[in-house]
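Colleague: Need a 3D model of the following:
(one chain, ligands or ions: 1)
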Amino acid sequence: MRRLPKRRAVPRTAVRRPLTALAAGYLVLLALGAVLAPVLTPYDPAATDLDAVLSGPTAAHPLGTDGLGRDVAARLLYGGRISLADAAVAVLTVLVAGAGTGVAAGFLGGLPDRVFTWVTDVMLAIPVLVTLLVVLAVVGDHRIAVMVALGILMSPGLARVVRGAALTVRNEPYIAAARVSGLPDRHILVRHVLPRVAGPLIVQISLLSGGALLIDAGLGYLGFGARPPAPAWGSMIAEASAVIGRQPWLLVPPGTVLALAILAFGVLGDTVRDAAAAPAERVPSPPRRRHRTPAAAASAPDAPSTALLSLRDVSVGLPAGRGTTTVVEDLTLHVDRGETVGLVGESGCGKSVTARAVLGLVPAGGRITSGTVRFDGLDLTALDPAALRALRGRRIAMISQDPLAGLDPLWTAGDQVGELVRRHHGGTRAAVRGRALDLLRTAGLPEPERAAARYPHELSGGTAQRVGIAMALAGEPDLLIADEPTTALDVTVQAAILGLLRRLQAERGMAILLISHDWDVVAAMCRRAYVMYAGQAVETGPLPDLLERPRHPYTAGLLGAMPRRARRGEHLAAIPGAVPDPAHRPPGCRFAPRCRLATAGCREAPIPVVEAAPGHHTRCVHHESA
Ligand SMILES: Nc1ncnc2c1ncn2[C@@H]1O[C@H](COP(=O)(O)OP(=O)(O)OP(=O)(O)O)[C@@H](O)[C@H]1O
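Modeller: Below is the predicted model:
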């Protein structure tokens, strides 16, 4: 079996740039020089030789000697230990304090983010050097404490950058998809958010490393550096400036080493930024959700007690202005085991909100305000978030209209399927890889190794949807919610994906709730369908009865608007008007303002659901004429 591919190394471009290679090489040399100082120089950095004071470069002292006859090269090498270690402590502190809080604030949002913004605002107003002098006055020459304080003072800038990056990533569809798959926030943070903020993080760390070195040297110059006679680059510059009139050369070695180090960190930062930007430029932005054409309708009979999924009088409220708007109202529907049920309606009718309510992922600020959602005997509305998360991906999975948007652009298809296999079943690396490849094959990819090795931007829409299906199958779900799974695909791929879903359902006995605006898709896949309008189920019935004899004028209008039903030379029938905004729905029948059959009675009070024919329910008093 072929191993799934590893993530592509971003920094390869970095090494190819000569300036970057030079900068990295220089910093490595500095670090090696500091570590190997005892091997590289025979001199003790503190040993004085009053016969060779301020000598300038000589054969014995290639970089000369200082005012006490100490070898400058030895002091530079040993000084690197202190200066680089100081900078490392400060940068490590920035990393922990800044990156940790920034990622958490950006990802969590809400109150943690507001507190974070307030605290960083205050911290950014604090002058760094003055505060450090105060810290020095308190802790004395305790260098680690001073450098930790420096790190904390430098952290808000980094934290802001990281928070901004995390905030952007948080709203990416693949993060929502990861939640739908049942992955916990901690896992999503580490696996999907951190890699995306790594670019800006590394850039900032490079720049901050230069900044920390500079501030450390500044403190040394002011006399708050390492305790004499220990060498550090800042104190060497201070000593050199004291004798600049007698031996100006003395300033050159520490000044050059320090300036080049700061420059090198800057060059590395630039390179990492460019390298991190490059893949993003290659990745086409996920296609926008297509505007949907008018589609189908729904109703509300009681669910049989054996139903796998049943929603009873479910209402969902979403925040709107200062209040809440009910976008789905008193919705009753059910899906039996192994059954495919359609959910049809124009854009904005509440289909996706209904699907999200089943998954316990009502959009932020919203909630199920009444009714119950039962799944295999469990009341999902009463489950705690952890139990609900455990169901997602494992027992209820979802595939969406835009499979590419649901894939993390930084990971290969194989990685992403493998991640869910590991999450749901565990196992050794080899077992996880094997299972991931099996799932890709099951999803209709005859060469799963090739698909597994590809990044999302390298996948066609059809292949991406097959990867999405493989991911959905990873938990071996009992219910698959397919939200317009073929809308973004061309006709032949559509047919193949629908054939695949039918086969998988037959083989696995999986139930499917199919959200679609395409009656042909619904007719080909479903035994029953619900038609939704303005947050309500307005008709439900068996197929093909629903198509041949609709009992609601809305359903009839949607069917009449199908291009396939148009006759040559005739105008395509369209339903006049638009779905009312949830905040301004008419009091009686919600479809009345657009309905050719509406009478005064329709506009007065809500219309109850009636059984117009066996198993065929409608929310219309004129169903005989529909
Ligand atoms: N996150 C949200 N915040 C506020 N309102 C929302 C949000 N998501 C959906 N809505 C509103 O809820 C109503 C139902 O939207 P929903 O997305 O469920 O419709 P839909 O039938 O699935 O349409 P589409 O096919 O376009 O997704 C719409 O009025 C929509 O504006």
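
Colleague: need the contact list for the nearest residue to Ile396 once chain neighbours are set aside.
Modeller: In space, and not counting its chain neighbours, Ile396 is closest to Leu479: 4.7 Å by C-beta to C-beta, 6 or more residues apart in numbering. Using the backbone N, CA and C atoms, a C-beta is placed for each residue, glycine as well. Leu479 is in contact with 308-309, 335, 375, 395-397, 510-513, counting by C-beta atoms under 8 Å, 6 or more residues apart in numbering.

Colleague: Selection in ChimeraX covering whichever of these are buried, please.
Modeller: Per 16 or more other C-beta atoms under 10 Å, the buried members of those correspond to this ChimeraX selection:
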select :308,309,335,375,395,396,397,510,511,512,513
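
Colleague: got the domain boundaries for the protein?
Modeller: 33-282, 309-565+574-618 (automatic domain parsing).

Colleague: a markdown table please, covering those and showing distance to Pro18.
Modeller: Formatted as a markdown table, the domains of the chain follow (distance: least, C-beta to C-beta, whole Å):
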| stretch | distance to Pro18 |
| --- | --- |
| domain 33-282 | 11 |
| domain 309-565+574-618 | 28 |
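
Colleague: These: which one's closest to the ligand?
Modeller: Closest approach to the ligand among the domains of the chain (C-beta to the nearest ligand atom): domain 309-565+574-618, 3.2 Å.

Colleague: hmm, the closest one in reach of the ligand?
Modeller: Yes. Domain 309-565+574-618 lies within reach of the ligand by C-beta under 6 Å from any ligand atom, at 318, 327, 345, 347-353, 363, 582.

Colleague: What residues does the stretch 201-350 of the chain have near the ligand?
Modeller: So the stretch 201-350 of the chain meets the ligand at 292, 318, 327, 345, 347-350 (C-beta under 6 Å from any ligand atom).

Colleague: Just send the residues you listed back as a markdown table, with neighbour count too.
Modeller: Output for these, formatted as a markdown table (neighbours: other C-beta atoms under 10 Å):
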| residue | neighbour count |
| --- | --- |
| Arg292 | 17 |
| Leu318 | 19 |
| Val327 | 25 |
| Gly345 | 31 |
| Ser347 | 16 |
| Gly348 | 19 |
| Cys349 | 29 |
| Gly350 | 26 |
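
Colleague: Of all pairs in those, which one spans the longest distance?
Modeller: Using C-beta to C-beta, these reach their maximum pairwise distance at Arg292 and Leu318, which is 19.5 Å.

Colleague: how about the helices in the stretch 351-500 of the chain?
Modeller: For the stretch 351-500 of the chain, the helices defined by DSSP state H, counting those that start in this stretch cover 351-359, 385-391, 413-425, 429-442, 448-452, 461-473, 491-508.

Colleague: send the alpha carbons of the first one over as PDB?
Modeller: Output of helix 351-359 as PDB, limited to C-alpha atoms (Å, rounded to 0.1, in the frame of the first residue of the first chain):
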ATOM      1  CA  LYS A 351     -33.700  24.200   4.500                       C
ATOM      2  CA  SER A 352     -30.100  24.700   5.600                       C
ATOM      3  CA  VAL A 353     -31.100  26.100   9.000                       C
ATOM      4  CA  THR A 354     -33.200  22.900   9.500                       C
ATOM      5  CA  ALA A 355     -30.200  20.700   8.600                       C
ATOM      6  CA  ARG A 356     -28.000  22.600  11.000                       C
ATOM      7  CA  ALA A 357     -30.600  22.300  13.700                       C
ATOM      8  CA  VAL A 358     -30.500  18.500  13.300                       C
ATOM      9  CA  LEU A 359     -26.700  18.700  13.700                       C
END
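
Colleague: In CSV: the residues of the stretch 201-350 of the chain next to the ligand, plus pLDDT.
Modeller: Converted to CSV, those look like this (pLDDT from 0 to 100):
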residue, pLDDT
Arg292, 35
Leu318, 90
Val327, 92
Gly345, 91
Ser347, 88
Gly348, 88
Cys349, 91
Gly350, 91
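
Colleague: and these, which of them are in strands?
Modeller: 318, 327 (DSSP state E).

Colleague: what number of residues lie near Thr203?
Modeller: Thr isn't right for residue 203; it's Val. 23 (other C-beta atoms under 10 Å).

Colleague: For it, which three-state class applies?
Modeller: helix (DSSP: H, G, I helix; E, B strand; the rest coil).

Colleague: So it versus Met123, what's the distance?
Modeller: As defined by C-beta to C-beta, to the nearest Å, Val203 lies at a distance of 21 Å from Met123.

Colleague: now Arg594
Modeller: Counting by C-beta to C-beta - Arg594 and Met123 are separated by 56 Å.

Colleague: for Gly475, same thing?
Modeller: 44 Å.

Colleague: what does Val610 give?
Modeller: 65 Å.

Colleague: Neighbour count for these two, which is higher?
Modeller: Per other C-beta under 10 Å, whichever of Val610 and Met123 has more neighbours is Met123, with 18 against 14.

Colleague: Can you show me the helices along the stretch 501-626 of the chain?
Modeller: Under DSSP H, counting those that start in this stretch, the stretch 501-626 of the chain gives helices at 519-525, 545-548, 553-560, 600-604.

Colleague: by contact count, what packs against the first one?
Modeller: Helices and strands touching helix 519-525, as assessed by 3 or more C-beta pairs under 8 Å, 6 or more residues apart in numbering; DSSP states H and E, comprise strand 340-344, helix 491-508, strand 511-516.

Colleague: How far off centre is it?
Modeller: Relative to the centre of its chain, helix 519-525 is centred 33 Å away, using C-alpha atoms, centre = their mean, to the nearest Å.

Colleague: In that helix, which residues are buried?
Modeller: So for helix 519-525, counting by 16+ other C-beta under 10 Å, buried means 519, 521-522, 524-525.
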